[in-house]
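1. Next come a sequence and a model predicted from it.
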Amino acid sequence: MSGALVARVLRDPASALTLDPLGWNALIAAARAEQLIGSVAVRLDGLPLPPAAERVMADARASAEVGRSAALWEAEAARRVLAPLDLPIVLLKGTAFVAAGLDAGRGRSIGDLDILVPRDGLDRVERALLAGGWEWVKPDPYDDAYYRRWMHELPPLVHAARDKMIDVHHTILPPTARPTPDAAALIADAVPLDKGLFVLSREDMVVHAAAHLLADGDLQGGLRNLWDIDRLVREFSEGDPDFCLSVVERAARHQLVPAVLRALRLARRVYGTPLRAYDSPARVRFDPRPSDALFARRLLARDGWGRLRHKETEFGFYVRSHWMRMPPAMLARHLWTKWRRT
C-alpha cells in the first residue's frame, strides 16, 4: 500500500533510496493525495535522490514555503481586522505550527486559516470580518442555520480579494458531540505570540490534533494529522520526558482521553512515535488494541496511483463520523434534509 510507503519514508527517510521508478511514482502520488508531499520533501532534503525525484521534492519544498508565507499573512490580515475587538485570537492547526516555529510546520500543507475565539465575542468577530472583506461561502439558509446552531464554528468565510478561507471556531468539537471540551480552558491556557495572536498550549495542541483526527471526522487526511501528532510529541518530549502523561491529564479536562490514547497508539504504530508507560501519578499504557488495526487500515488506504482503497472501510468511518457528531434522531433529520436538497 502506498499509504504505508509514505509513512515509512517519513519515519525513515533513507528508505527512499531503495525505491525504483515505480516506487517513486507511488510515493509521490500517495504523498500528494495525503497532502504530505511537502513533509516528505523536507524529510528527504539533502539525500542523494534520483534527479527526477529531486526536482519534484525541490518544487514541493518551494511550494510549502510559499504556503507558509501565505498562511502567516492570512493570520496577520485577520489580526489587523480583529485587533480593535481586544479579544484573544488563537491560531489552530497548520498556521499555529508555522507561527510558533514548530517542527510540525516544516513542509506542512496549510489550507484554511483556523482560529479560536471566545464564544461571547463571536458576533463581534463575525461583523468585523464581514466589514473587512470576507464573505459567506454557504449562503444556503439551512446550512447557515445548521452551523450556527449545531457546529463548533461559524459558517466558513472567504476573502473576496484573496480567495482565502477562514474558519472561526468557538470550541474544537460540535456541541452535539459526546465529548465536551473546555473551550474556556483552551483559551485561558493559550500561549501568546505577539500583537494579540496566540497558539494553544503544548498539551492542548496534541489534544486538539487527536480530537480533529478521531472525534470530528472520517479520518480523511488522517495520515497528515497523525504526522502532526508525531512531530509535536517528539519535539515537546525532548525537554519533558513526561510530556505524554501531561497530555493525557489534559485530555481528561476535555473529555478526550480515549481519542488521545488511540491517537498516540496510532502514531507509534504508523510513525514509531516514542511513548513510555506510566505508573505514577496515574497508570497510563499505550498497548495496542485490536481495533487499532481498523483505524490503521483506513489511514494507510492508498494504492500506487494515490487512490483510496478499502471503500467499505472508508464508508464505515464516514458513518462513524456522523454518528459521533449527532444523536440518532438529529442525524436522521439532517441526512434526510440534505438528501432532499440534492
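-> In hand now; what should we look at? Numbers count the residues shown, from 1 in each chain.

2. next structured bit after the helix or strand hosting Glu76?
-> Taking DSSP states H and E as the definition, Glu76 sits inside helix 51-82. Using DSSP H and E, the helix or strand that follows helix 51-82 in sequence is strand 89-91.

3. Tell me the strands beside that following strand, with direction?
-> Strands that pair with strand 89-91, judged by DSSP bridges, come out as strand 113-116 (antiparallel), strand 197-199 (parallel).

4. State the helix or strand in which the most centrally placed residue in the chain lies.
-> Central residue check for the chain by CA atoms, centre = their mean: the C-alpha nearest the mean position is that of Asn225, 4.6 Å away. Remark: Asn225 resides in helix 222-237, with elements defined by DSSP H and E.

5. Hmm, the residue nearest to the centre of the chain is touching Leu213, no?
-> Yes. Contact status for Asn225 versus Leu213: in contact at 4.3 Å, counting by CB atoms under 8 Å. Using the backbone N, CA and C atoms, a C-beta is placed for each residue, glycine as well.

6. quick revisit: export the helix holding Asn225 to PDB, keeping only CA atoms.
-> Coordinates of each C-alpha in helix 222-237 appear next as PDB, following Å, rounded to 0.1, in the frame of the first residue of the first chain:
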ATOM      1  CA  GLY A 222      -5.700  11.400   8.800                       C
ATOM      2  CA  LEU A 223      -2.100  10.500   7.800                       C
ATOM      3  CA  ARG A 224      -1.200  14.100   7.800                       C
ATOM      4  CA  ASN A 225      -3.000  14.800  11.200                       C
ATOM      5  CA  LEU A 226      -1.200  11.800  12.700                       C
ATOM      6  CA  TRP A 227       2.200  13.200  11.400                       C
ATOM      7  CA  ASP A 228       1.300  16.400  13.200                       C
ATOM      8  CA  ILE A 229       0.900  14.400  16.400                       C
ATOM      9  CA  ASP A 230       4.200  12.600  15.900                       C
ATOM     10  CA  ARG A 231       6.100  15.800  15.300                       C
ATOM     11  CA  LEU A 232       4.500  17.600  18.300                       C
ATOM     12  CA  VAL A 233       5.200  14.700  20.700                       C
ATOM     13  CA  ARG A 234       8.800  14.300  19.600                       C
ATOM     14  CA  GLU A 235       9.600  18.000  19.900                       C
ATOM     15  CA  PHE A 236       7.800  18.600  23.200                       C
ATOM     16  CA  SER A 237       9.100  15.400  24.800                       C
END
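
7. Find the residue ranges of the stretch 51-200 of the chain scoring beneath the pLDDT cut-off.
-> For the stretch 51-200 of the chain, residues meeting the criterion pLDDT under 70 lie at 138-139, 141-147, 150.

8. Wait, Arg119 touches Pro175, no?
-> No. Arg119 sits out of contact with Pro175 when judged by CB under 8 Å, with a separation of 10.2 Å.

9. Is there a neighbour count for Tyr278? I'd like the number.
-> Tyr278 has 15 neighbours, counted by other CB atoms under 10 Å.

10. List the contacts of it.
-> By CB atoms under 8 Å, 6 or more residues apart in numbering, the residues touching Tyr278 are Asp242, Leu245, Val284.

11. taking the residues you listed one by one, which sit in strands?
-> Of the contacts of Tyr278, none are assigned to strands by DSSP state E.

12. list the residues that contact both of Arg119 and Pro175?
-> When contacts are counted by CB under 8 Å, 6+ apart, Arg119 and Pro175 have no shared neighbour.

13. Run the chain-centre distance for the helix holding Glu76.
-> What separates the centre of helix 51-82 from the centre of its chain is 17 Å, taken as CA atoms, centre = their mean, to the nearest Å.

14. Output the contacting helices and strands for it.
-> Other helices and strands packing on helix 51-82, by 3 or more CB pairs under 8 Å, 6 or more residues apart in numbering; DSSP states H and E, are helix 21-33, helix 37-44, strand 89-91, helix 93-99, strand 113-116, helix 122-131.

15. how about the ones you listed, which one is nearest Asp194?
-> Counting by CB to CB, Asp194 lies closest to helix 93-99 out of these; the figure is 9.4 Å.

16. Now do the helix holding Asn225, average pLDDT.
-> The average pLDDT for helix 222-237 rounds to 97.

17. picking that back up, select only the buried ones of the contacts of Tyr278 in PyMOL?
-> Those of the contacts of Tyr278 that count as buried under 16 or more other CB atoms under 10 Å are selected in PyMOL with:
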select buried, resi 245+284
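
18. got a markdown table for the contacts of Tyr278, with distance to Leu130 too?
-> As requested, the contacts of Tyr278 are exported to a markdown table (distance: CB to CB, whole Å):
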| residue | distance to Leu130 |
| --- | --- |
| Asp242 | 45 |
| Leu245 | 44 |
| Val284 | 45 |
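
19. Using the centroid of the chain, identify the residue furthest from it.
-> When distances to the mean C-alpha position of the chain are computed (CA atoms, centre = their mean), the maximum falls on Pro51, with 32.1 Å.
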